[in-house]
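Student: Fold the following and give me the result.
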Amino acid sequence: MTENEFLKKLFDERDALPGDTAREAFDWAYFQQMKNPVIQYGYNYFLGWLGIDKFTLENARDGFLKLAAGLLGIIGFIAGVIMLDEGHDAGGFLFLLVLPIIIWVIVDYFTTPASTRKYNAKLIKDVQV
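Tutor: Sure, this is the predicted structure:
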């Protein structure tokens, strides 16, 4: 769903409501719960390895998978540092466990606007008065 399609859907649903009171109630309820893509970028940048950006968009499955990948990456990074510090050359391979979460966070930079619009579009139906 593009930005223009999303905005058209939002305003069509809002304008179809009977009366100003219903529109004001919809506006209040919708804009209190909608997600901002800029905030989602911040979640992804600072807490993406914990899957917080996925949990805030009510995508628990991807949130738990991203959390698992992030924890695996942290464990691999720490184990790799310890093994390299002790002189084991194989410790460098443990750093590869960090790659999946790094790639996932980078991919989410490109998919954040679309996933936020998808959440907000679903919210339009949930908020109907």
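
Student: List the buried residues in stretch 7-16.
Tutor: By neighbour count with 16 or more other C-beta atoms under 10 Å, stretch 7-16 contains the buried residues 9-10, 13. Where you see a C-beta, it was placed from the backbone N, CA and C, and this is true even at glycine.

Student: Check the secondary structure at G87 for me.
Tutor: coil (DSSP: H, G, I helix; E, B strand; the rest coil).

Student: count of residues packed around it?
Tutor: Using other C-beta atoms under 10 Å, G87 is surrounded by 7 other residues.

Student: The chain should start at 45 in everything you say after this.
Tutor: With the count now opening at 45, the last piece we talked about shows up as G131.

Student: Need the per-residue pLDDT for D170.
Tutor: pLDDT recorded at D170 is 89.

Student: about what we covered before: can you add secondary structure, pLDDT and distance to I118 and give the buried residues of stretch 51-60 back as TSV?
Tutor: Formatted as TSV, the buried residues of stretch 51-60 follow (DSSP: H, G, I helix; E, B strand; the rest coil; pLDDT from 0 to 100; distance: C-beta to C-beta, whole Å):
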residue	secondary structure	pLDDT	distance to I118
K53	helix	92	40
L54	helix	93	39
E57	helix	92	43
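
Student: low-confidence ranges in the chain?
Tutor: Across the chain, residues meeting the criterion (pLDDT under 70) sit at 173.

Student: Please enumerate the helices of it.
Tutor: Using DSSP state H, the helices of the chain run over 47-59, 63-77, 81-91, 96-100, 104-129, 135-138, 143-171.

Student: tell me the most buried of these?
Tutor: Of all those, helix 96-100 has the most neighbours on average by mean count of other C-beta atoms under 10 Å, namely a mean of 21.
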